[in-house]
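> Quick one: sequence and predicted model below, then my questions.
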Amino acid sequence: MSSAQALTEWAMRTIGVPIPESEYRQLAVFGSDGRVSGLRTPPTVQQQILAGMVEVDWTMIRPPALAIYAAATSRESLPGCRTEDTTIRQACGELFAWMQRHLDASQRLLAANGERLQLVEPAGANPFVFLSHPREVEEALDRFLATLPR
């Protein structure tokens with residue numbers, strides 16, 4: 001990409017998610033000419049994070065908790081999946097199915113743990129739910145905070 005602005009505009013066209021340019025600036029390394037030259041975080045860090053993911057035991061969370069989910073609505077709603085490339089579309093379909101299975105299981109566990117765990121899932125939210133649905137996030141936080149002892 002020729003610049004952070006070009007990367008931001010490309011992502012909006014291909015991903016369909018309005019992500020602030022500042023987010024790309026903290027993710028990417030830029031050369032002296034302003035072009036993207038790589039990522040700040042090595043791929044091994046992402047691999048280690050994914051390898052360390054474990055199933056959450058919601059029964060172990062004792063205090064009240066608020067979960068705000070931005071659930072993908074289709075494989076096309078995932079970053080980089082608006083394409084005609086059949087290999088990428090297939091991979092996106094597999095990723096979407098995996099995400100749905102884990103999200104459904106997580107939501108069932110949350111629901112089974114009663115009032116102390118609140119789940120909010122704004123319709124059509126993107127991964128930056130606080131940007132795509134600021135009013136809903138603020139209202140959810142206000143409702144949740146109102147339930148806490150003073």
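Alright, I've got the coordinates. Residues are numbered from 1 along each chain as shown.

> Sort out which residues of stretch 99-119 are buried, please.
For stretch 99-119, burial by neighbour count (16 or more other C-beta atoms under 10 Å) applies to S106, L110, L117, Q118. From N, CA and C alone the C-beta is placed, and that goes for glycine too.

> Let me know the secondary structure of the first one.
Yep, that's S106 we're talking about. Assigned state for S106: helix (three-state reduction, DSSP: H, G, I helix; E, B strand; the rest coil).

> Not counting residues beside it along the chain, what's closest to it?
Nearest residue to S106 in three dimensions, chain neighbours excluded: V56, at 6.8 Å (C-beta to C-beta, 6 or more residues apart in numbering).

> Would you agree the one you found is in contact with A105?
No - contact criterion C-beta atoms under 8 Å: V56 and A105 do not qualify, at 9.6 Å.

> for this structure, what spans make up the strands?
Using DSSP state E, the strands of the chain run over 28-30, 36-39, 65-68, 117-120.

> Quick check: the residue nearest the centre of the chain vs L27, distance?
With distances taken as C-alpha atoms, centre = their mean, P127 lies nearest the centre of the chain, 3.2 Å away. Separation of P127 from L27 (C-beta to C-beta, to the nearest Å): 13 Å.
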